[in-house]
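Visitor: mind looking at a prediction? Sequence and model below.
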Amino acid sequence: MQAILDAQQHHQRRLQVITAAVARWKPSLPPSLPPAPTAPVSQPPQPSAQTPAAPVSNQHHHQQQQQQPSSSRSKREAVKAETSVPPTESGPPQFLTLPSQTQPSQIVDDDEENVPLDRYQTAALQAAERGESFFLTGSAGVGKSFVLRRIISRLRKNGKRVAVTASTGCAAVNIRGSTVHSLLKLGLGLDSHRQLKQKASKNVDVRRRLRDLDVLVIDEISMIDSVLFDKIELVCAYGRRVEKELPNKPNMWKRENRERNRERNRERNREKNRERNKERNKEKDRERNRERNKEKDRERNRERNRERNRERNREKDREKSTAAEAEDHDESHVLPFGGLQVIVCGDFFQLPPVSVSDARHQFVKEKFFAFESSAWKRGITNTFCLHDVHRQSDHVFIALLNEIRLGVVSNDTQRVMKACGASRHLPALELTENGNEVHYTKLYPFRRQVHGENSTRLNAIPSQGVRYAAKDSVTVDTGVLNVATVRTMLEAVAGLRTLELKKACRVICLKNLDPDAGIVNGSAGVLIGFTLSSVQRLEQLEEYKFMTQQKVIERRKEMARDGMFPEEQVDLDQKQIAKLFENLPRDEDGFIRLGAHEALFSPIIKFDNGVTMTISEQKWDVYGLDGRVVGQRTQIPLTLGWALSIHKSQGMTLRNVEADVGQCFDYGQVYVALSRATSLERLRLLSFNDSKVMAHHKVLQFYEEMRCARESNPVSDIKEQTEEDEFLVSDSELLALTACDEWWNASSVPNRQMKCL
Ligand SMILES: Nc1ncnc2c1ncn2[C@@H]1O[C@H](COP(=O)(O)OP(=O)(O)OP(=O)(O)O)[C@@H](O)[C@H]1O
């Protein structure tokens, strides 16, 4: 509590110092904005003299940063951002950028490897090199994935074998890895612990993969729930177990068996002797007491039987407890994650896990975060928190995001959100380095909204389209799963049932097609044309229309215009092509209709990383509870990419964003959508509803506990802290944490604006 008060006092002191700066920029707020209220949370913080200036964020390109400008352009803009104020003429809001500790003090090389890390990132890198397992966290845009990529490349340079994974395909693209599910062959993650143990011990591929590994990296950990995290740990532990390392289990069993046999023999001998004696006595007394003892004998026999049964039961119990002891002994010798160095990264204030209770895909409302799992408690013992925001440089935007992260919407934030509303004017678009057109990425909470937007954009393209129908096969005998469930699972994990594509449409790849070339699940690009994938099928076409040479040429031109046959791809006889094009089956709306299994056209995609690739159909499998394939879909692994779901966008940096956050339904969803943008100037909100800004109480508590622990041991995450470092938290984070403290202190006060469910 004292620490919180100290932090608040410090913040008050700083606020006094920055009053002058605030006074400088406040009058220049757009006239449409109402006067600023005095809520402390949203005041822009004062730049810290002690914090080293960090380089500008917008200069680096990774695969998701398709909307970043070219390097020279970004450098020009970075310089401009330091010296100028955004234009005001356009009417709608302008946002002043205050000089800040996170603004660029120098222009750095575009090559990510050469970009200097901030002090928090450096501390994490050093810990990784020391072989520590830890949790890397911080708000959106502090460079978690960025430093993770640096850690991975440094560890690999040091000769370590690193598996790079993330909870979702898109997040995996961001760090050039695969999903944790595909690395460990977890399928949908619905197997029981026993099934997983068996699979992990038997699956040679997974065992080999895990045994050859030194480090496991998992990004976007917030979307992995506690049950799945425990399963990941279990598979790692069992997959990496080497027989000779087992705690002498066979010998132990032998010893136990020997002792048990000896005891049994002893017991048997004792029993025999007792029997013999009794028999002798009986013989002696028989004559004398026959009549009298008849009843007694019977009683004694009964007693003997009871005793024997009791002895037998005791024996069984002993056996059971020995087996359990052996098992316990065995388990306790398995190191967390089988001894792997594990680096998990993410921000639990972002999207939480989608909890699925069982194979029937029933959604559970209660959230169980990875930090609640026993694997976390055993394996993740250290935390590194990054504080310098690199994605955004505008302090107003950073403070606003920090509020929203904690579920707070102050009056200031409401004003800014209003100013970013649907009616605002947006700056003009540019071209990316490789010539793909930059566009405003629309972010929606629901998949149907994403689909609607993408369909509208596709319909607006006048050229000829191709429709691909998926080929599904579902096993009738699916065990406990019914066919409908398998179909639902296919819809959830596989490509689209019907995919429509046209030249110049924007697409996203749904499979890891060529990880070495950077074409993985989540890669975005533009369709530049179609090619023929199955030339032989030409001969199978029955209808044949003879065409004049002139007609063929005209048709050919038409087809090239629609992107059907890019010149370099077609070396067929023109008549054949024309014939093919004429005779293809069409839907009523003019789309050429193709079944994926008999696809004649394959789309050619120019991806944003510059790679051009012809995409052919791929297979997705769905497994039953017994591990058998129960469903399969064959389809072109693409989906339209003008609009994205907010879930898919987590981890991305988007230069131009239009977000529809008014109907968000999950914790952290609004925060994720808004924090993808790099500036308020290029952010438009199609809708906003402050009741949808939510932070989960478990997450608030988790971070609060972490902060308390950090304060009681302030050098835990920065080993080389100098005396000048008065605070471990940056100004923006201090504002946010103060808001958090306020909430904790006054959570009983009604009508607060923090939404905490
Ligand atoms: N030390 C740095 N210097 C300059 N730019 C940086 C630095 N660290 C990160 N960045 C830039 O900041 C932006 C955000 O980085 P990154 O995507 O890694 O953030 P993040 O913390 O993973 O965000 P999120 O939680 O939203 O996934 C990127 O454009 C990245 O290039």
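Guide: Perfect, I can see it now.

Visitor: so where's the longest helix in this protein?
Guide: Scanning the chain for the longest helix, with DSSP state H as the assignment, gives helix 249-332.

Visitor: following it, which helix or strand shows up next?
Guide: Going down the chain from helix 249-332, the next helix or strand is strand 341-345, by DSSP states H and E.

Visitor: what about the residue nearest to M223 when sequence neighbours are not counted, how many residues nearby?
Guide: Of all residues not flanking M223 in the chain, S167 sits nearest, at 4.1 Å (Cβ to Cβ, 6 or more residues apart in numbering). C-beta here means a position set from N, CA and C on the backbone, and glycine is covered the same way. Here the number of neighbours of S167 (other Cβ atoms under 10 Å) works out to 27.

Visitor: surely K231 is in contact with H181?
Guide: No. With contact defined as Cβ atoms under 8 Å, K231 does not count as touching H181 (10.1 Å).

Visitor: rewinding a little: I figured the residue nearest to M223 hits D225, correct?
Guide: No. The pair S167 / D225 is not scored as a contact, 9.6 Å apart, by Cβ under 8 Å.

Visitor: any idea how far V450 is from the ligand?
Guide: In this structure, V450 and the ligand are 19 Å apart, going by Cβ to the nearest ligand atom, to the nearest Å.

Visitor: dump the residue contacts of that residue.
Guide: K442, Y444, A643, L644, S645 (Cβ atoms under 8 Å, 6 or more residues apart in numbering).

Visitor: on the pLDDT front, check it for me.
Guide: On pLDDT, V450 comes in at 92.

Visitor: kindly report the same for the one 3 residues further on.
Guide: pLDDT, E453: 92.

Visitor: for the ligand, what's the nearest residue on this structure?
Guide: Nearest residue of the chain to the ligand, counting by Cβ to the nearest ligand atom: G143, 2.7 Å away.

Visitor: neighbour count for K231 and H181, which is higher?
Guide: Each of K231 and H181 has its neighbours counted (other Cβ under 10 Å); K231 has more, 25 against 21.

Visitor: roughly how far apart are the more buried one and T165?
Guide: In this view, K231 and T165 are 14 Å apart by Cβ to Cβ, to the nearest Å.

Visitor: could you tell me how many residues sit around R310?
Guide: R310 has 10 neighbours, counted by other Cβ under 10 Å.

Visitor: same check, this time on N301
Guide: A count of nearby residues for N301, using other Cβ under 10 Å, gives 11.

Visitor: interface residues of the protein facing the ligand?
Guide: Proximity of the chain to the ligand, by Cβ under 6 Å from any ligand atom, involves residues 54-55, 57, 60, 115, 117-118, 121, 138, 140-146, 347, 390-391, 651, 653, 675.

Visitor: pop the domain breakdown of the chain in here.
Guide: 110-241+334-356+363-386, 395-473+495-551+588-618+633-692 (the TED database).

Visitor: and these, which one is worst for confidence?
Guide: Mean pLDDT is lowest for domain 395-473+495-551+588-618+633-692 out of the domains of the chain, coming in at a mean of 79.

Visitor: quick one: end-to-end distance for that domain.
Guide: Distance across domain 395-473+495-551+588-618+633-692, first residue to last, is 23 Å (Cα to Cα, to the nearest Å).

Visitor: rewinding a little: could you give the mean pLDDT of the longest helix of the chain?
Guide: 76.

Visitor: about what we covered before: filter the residues of the chain next to the ligand down to the ones in helices?
Guide: Q121, K144, S145, F146, S675.

Visitor: what's the ChimeraX syntax to select whichever of the residues you listed are buried?
Guide: Buried members of those, defined by 16 or more other Cβ atoms under 10 Å, are picked up in ChimeraX with:
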select :121,144,145,146,675
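
Visitor: adding distance to R378, write the ones in helices among the residues of the chain next to the ligand out as TSV.
Guide: Below are these laid out as TSV (distance: Cβ to Cβ, whole Å):
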residue	distance to R378
Q121	27
K144	23
S145	26
F146	29
S675	31
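
Visitor: now for the ones in helices among the residues of the chain next to the ligand: which two are most distant?
Guide: The widest separation within these, taken as Cβ to Cβ, falls between Q121 and S675 and amounts to 18.1 Å.

Visitor: can you map out the helices along the stretch 651-757 of the chain?
Guide: Using DSSP state H, counting those that start in this stretch, the helices found in the stretch 651-757 of the chain span residues 669-675, 697-712, 731-745.

Visitor: ok, of those, where does mean pLDDT dip lowest?
Guide: Among the helices of the stretch 651-757 of the chain, helix 731-745 carries the lowest mean pLDDT, at a mean of 46.

Visitor: doesn't E500 lie inside a strand?
Guide: Yes. The assignment for E500, made by DSSP: H, G, I helix; E, B strand; the rest coil, places it in a strand.

Visitor: that one - nearest residue in space that isn't next to it in sequence?
Guide: Nearest non-adjacent residue to E500, counting by Cβ to Cβ, 6+ apart: R467, 5.0 Å away.

Visitor: and that neighbour, bridged to which residues?
Guide: Beta-bridge pairing for R467 (DSSP bridges): E500, R593.

Visitor: ok, how many other residues are close to it?
Guide: Applying other Cβ under 10 Å, we find 18 residues neighbouring R467.

Visitor: that one and K502, how far apart?
Guide: Separation of R467 from K502 (Cβ to Cβ) stands at 10 Å.

Visitor: L490 now?
Guide: Going from L490 to K502 by Cβ to Cβ gives 25 Å.

Visitor: how about D297?
Guide: Using Cβ to Cβ, D297 is found at 98 Å from K502.

Visitor: remind me, longest strand of this structure?
Guide: Selection of the longest strand in the chain by residue count, based on DSSP state E, yields strand 524-532.

Visitor: partners of it, with directions?
Guide: Strand pairing for strand 524-532, determined by DSSP bridges: strand 506-509 (antiparallel), strand 601-607 (antiparallel).
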